[in-house]
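>>> Okay, here's the prediction I keep looking at, along with the sequence it came from:
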Amino acid sequence: MTDAAPIVARHLTRRYGDFTAVDGIDFTVARGECVALLGPNGAGKTTTIRMVTGFCPLTDGSIHIFGRDIMREPREAKARMGVCPQEDNLDPDFSARKNLVVYARYFGMEGRIAGARADQLLSEMGLAEKARSAIPTLSGGMKRRLLLARALIHQPDLLVLDEPTTGLDPQARHLIWQRVRELKSRGGTMLLTTHYMDEAQHLADRAILMNQGRIVLEGRPAALIAAEAGREVVEVSRPDACVVEFVRGHGWPHEAAADRLYVYDSEGGRVASALAAKFPAMERYARPATLEDVFLRRTGRSLDAAS
Amino acid sequence: MTMRLANVSHRALQVWRRNAEVLLTTWHTNLLPPLLEPVFYVMAFGYGLGGLVEEVTWQGQRLGYLEFMAPGIVAVAVMFWAFFETSYSTFVRMRYQRTFDAMLATPLLVEDVIAGEWLWGATKSLFAGSVMTVMLACFGLVAWPSGLWVPLLAILGGMIFAAMGLIVTALSPNIESFNLPVFLLVFPMFLFGGTFFPLEQLPPWAHNAALALPLTHVCSLIRGACLGVMPPHAAASVLYLVAAVAVLGSIALRRMSRRLIP
């Protein structure tokens, strides 16, 4: 079966009065790909997700979900998508299992098929024992897993995860990641937003970094890290002028925040040993470069630049 | 309106069904009020107030006060059950439970969700109106078979008051702000909609003003059905109510759509 790409967004724009939340961005998500949308608060990720899922009309541009225009054929487009929202909007009037069964009906799934699918998902998400539990009695992590189960009830061809682990404890986060990786290994297509760079590094084949409504960077997480932050980052706390001068003199890429200097090392080990030799008493810390460095380099380390 | 209405599909029934299933899980708390309310009214107004009021004349019929008033409380219930369902309850689903956000991530469109809620509000009127009519019939206060019109009138009235509730929900920034429309809209209808006394008792200007209230016509038609007496200007009342369903329904659909997808 030949089929159009899961997501094709062209010149995607959303304005609120004078404010442009999303400023003419283009992106696609290919079949089997997991794409992470990253960016500080206000970068336009949430608005983008809301447009993709049909919650927010487009000011300009277009989105096609498997070839269906989200504005003109929203039912058909939404039928192939599963959305795991940021906020808990489980139905508190129903048990965990009933939440899934009722939700299945919105997709036209009925009776025994919906019930069987609900039971299967509950056990896959480790919630089989909670099937009859009331929603308010579930922990935050359980609710999130139930939201994920609910998003999968109709076996969608595209899964949209909006900050799937925000506010969860580490155990709950890892449980969600495990489930998402399983879905990925089965060839699932995903679009996710996250504040956690390790999450993007863990799960995404491709990261799209947004800032002020535009895409500033796009690529494989590992490639982005290598290109933008190198292999290693040396952090120096409360650097004095000599250190800054030394780093500048070597032409090493670096960045100064309020009380910290970040020096990016494309080879690894080189900057750290040079600094150790020159300033043996100085407090410093060398670590592998992460997507977080890419993110912070591109969107600014200070709060005012981000907000 | 035509575009919005064209977007309503059979999926609206799934929204209705969700609400119906919630009601069924708590049916005992929902069944008690319409069962007991008529009993309380009969006690208070039949034995209490009724002793002070000799007779009431309506459409040339001389009626005991309880006989006159009883159909009015069915009409009031039709208003309350629909209005409070689509104001407070819909608002809770929209704002606090985020039920509609969850629904909108499926093939359902906003119009399906609104239509489902609207229909559900009218269903609650049908439920309360019917249960209360049966209870009043136990006291010998309902004429048959004309009383069979009551469920139909409850749906018609329910559509109006449910649409009003949806408009209020669409325009209310928070749940506290419901107090104002309740006080300015629902409460005057409760008092001046012909429930407790014949409108002829009012000065002419107030009588005419009361004729503009939808509850006046719902009340008059239900009274006619319960007593087996043709109400005044019955055809005009029905026409007015049908027009009110169309007008208020289209406003509700438009305002709620804008509220859900700004």
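Looks like it came in fine.

>>> Run through the bridge partners of residue A:265.
residue A:232 (DSSP bridges).

>>> so it sits right up against residue A:273, yeah?
No: in this structure, residue A:265 is not within contact of residue A:273 by Cβ atoms under 8 Å, at 9.9 Å. Where C-beta positions appear, they are placed from N, C-alpha and C, glycine not excepted.

>>> any idea where the strands of chain A begin and end?
A:7-16, A:19-29, A:34-38, A:60-65, A:68-69, A:81-84, A:158-162, A:189-193, A:206-211, A:214-219, A:232-237, A:254-257, A:260-265, A:284-288 (DSSP state E).

>>> For the longest one, buried residues please.
Applying a neighbour-count criterion of 16 or more other Cβ atoms under 10 Å in any protein chain shown, one finds A:20, A:21, A:22, A:23, A:24, A:25, A:27, A:29 buried in strand A:19-29.

>>> Leaving out chain neighbours, which residue sits closest to the first one?
Spatial nearest neighbour of residue A:20, excluding adjacent residues (Cβ to Cβ, 6 or more residues apart in numbering or on different chains): residue A:213 at 5.3 Å.

>>> isn't residue B:259 right next to residue B:168, touching?
No: counting by Cβ under 8 Å, residue B:259 does not reach residue B:168; the two are 11.0 Å apart.

>>> Neighbour count: the two, which is higher?
In this view residue B:259 and residue B:168 are compared by other Cβ atoms under 10 Å in any protein chain shown, and residue B:168 has more residues nearby, 24 against 19.

>>> same for the helix ranked longest in chain A, what does it pack against?
Taking DSSP state H as the assignment, the helix of chain A that covers the most residues is helix A:170-185. Where contact means 3 or more Cβ pairs under 8 Å, 6 or more residues apart in numbering or on different chains; DSSP states H and E, helix A:170-185 is packed against helix A:140-151, strand A:189-193, helix A:197-203.

>>> buried sites along the top helix by length along chain B?
Counting by DSSP H, the longest helix found in chain B is helix B:110-138. For helix B:110-138, burial by neighbour count (16+ other Cβ under 10 Å) applies to B:110-133, B:135-137.

>>> repeat for stretch B:85-102
Buried residues in stretch B:85-102, counted by 16+ other Cβ under 10 Å: B:85-91, B:93-95, B:97-102.

>>> Farthest pair within the residues you listed?
B:87 and B:102 (20.8 Å; Cβ to Cβ).

>>> for residue A:167, what are its contacts?
Residue A:167 sits next to residue A:140 when contact means Cβ atoms under 8 Å, 6 or more residues apart in numbering or on different chains.

>>> Low-confidence stretches in the stretch 51-200 of chain B?
For the stretch 51-200 of chain B, applying pLDDT under 70 flags no range at all.

>>> Up against chain A, what does it have?
Listed as neighbours of chain A in the stretch 51-200 of chain B under the rule Cβ under 8 Å from any Cβ of the partner chain: B:97, B:98, B:99, B:101, B:102, B:103, B:104, B:105, B:106, B:107, B:108, B:109.

>>> Tell me how far residue A:195 lies from residue A:36.
11 Å (Cβ to Cβ, to the nearest Å).

>>> er, residue B:58 I mean
Applying Cβ to Cβ to residue B:58 and residue A:36 gives a distance of 71 Å.

>>> who's more crowded, those two?
residue A:36 (26 against 22).

>>> Check the gap between that one and residue A:293 for me.
16 Å.

>>> Pick out the residue closest to the middle of chain A.
residue A:193 (2.6 Å; Cα atoms, centre = their mean).

>>> shouldn't that residue be in contact with residue A:163?
Yes: counting by Cβ under 8 Å, residue A:163 is a contact partner of residue A:193 at 5.6 Å.

>>> how about the helices of the stretch 51-200 of chain B, start to end?
Along the stretch 51-200 of chain B, the stretches classed as helices by DSSP state H, counting those that start in this stretch are B:65-84, B:90-91, B:99-104, B:110-138, B:149-171, B:179-181, B:187-192.

>>> so how many other residues sit close to residue A:244?
Around residue A:244 there are 15 residues (other Cβ under 10 Å).

>>> and it, what is it in contact with?
A:254, A:256, A:261 are the contacts of residue A:244 under Cβ under 8 Å, 6+ apart.

>>> tell me, how many neighbours does the closest residue to the first one other than its chain neighbours end up with?
Counting by Cβ to Cβ, 6+ apart, residue A:263 is the residue found nearest to residue A:254 once chain neighbours are left out, at 4.5 Å. When neighbours are defined as other Cβ under 10 Å, residue A:263 has 27 of them.

>>> and residue A:206, bridged to which residues?
residue A:35.

>>> so the longest helix of chain B versus helix B:149-171, what angle?
Counting by axes from the mean of the first three to the mean of the last three Cα atoms, to 10 degrees, helix B:110-138 lies at 140 degrees to helix B:149-171.

>>> So which elements touch helix B:110-138?
helix B:12-25, helix B:27-41, helix B:65-84, helix B:99-104, helix B:149-171, helix B:214-227, helix B:234-260.

>>> now for those, which one comes closest to residue A:6?
helix B:99-104 (19.8 Å).

>>> Remind me what the closest one packs against, helices and strands.
helix B:110-138.

>>> Distance from the chain centre to the helix it packs on, please.
Distance of helix B:110-138 from the chain centroid (Cα atoms, centre = their mean, to the nearest Å) equals 8 Å.

>>> swap in stretch B:89-101?
Centre to centre, stretch against its chain (Cα atoms, centre = their mean), the figure for stretch B:89-101 is 21 Å.

>>> cool, stretch B:59-75 as well?
Distance, centroid of stretch B:59-75 to centroid of chain: 18 Å (Cα atoms, centre = their mean).

>>> So which bits of it are buried?
Quick answer for stretch B:59-75 (16+ other Cβ under 10 Å): B:63, B:65, B:66, B:67, B:68, B:69, B:70, B:71, B:72, B:73, B:74, B:75.

>>> How about stretch B:33-51?
Of the residues in stretch B:33-51, those buried (16+ other Cβ under 10 Å) are B:34, B:37, B:38, B:41, B:42, B:45, B:46, B:50.

>>> Can you pull out the low-pLDDT segments for chain A?
A:1-2, A:301-307.

>>> Around chain B, which positions in it sit nearby?
Checking chain A against chain B by Cβ under 8 Å from any Cβ, the hits are A:53-57, A:74-76, A:78-79, A:81, A:83, A:85, A:87-94, A:102-103, A:105-108, A:150-151.

>>> separation between the closest residue to residue A:215 other than its chain neighbours and residue B:66?
Once flanking residues are discounted, residue A:215 sits nearest to residue A:25: 5.1 Å by Cβ to Cβ, 6+ apart. Distance, residue A:25 to residue B:66, using Cβ to Cβ: 70 Å.

>>> Touching, residue A:212 and residue A:45? I think so.
No: if you go by Cβ under 8 Å, residue A:212 and residue A:45 don't touch, sitting 11.6 Å apart.

>>> who has more neighbours, those two?
residue A:45 (25 against 17).

>>> tell me the contacts of the more buried one?
For residue A:45, the contact set (Cβ under 8 Å, 6+ apart) comprises A:37, A:38, A:39, A:193, A:210.

>>> and if we set it to 6 Å?
A:37, A:39, A:193, A:210 (Cβ atoms under 6 Å, 6 or more residues apart in numbering or on different chains).

>>> From the residues you listed, list the buried ones, please.
A:37, A:39, A:193, A:210.
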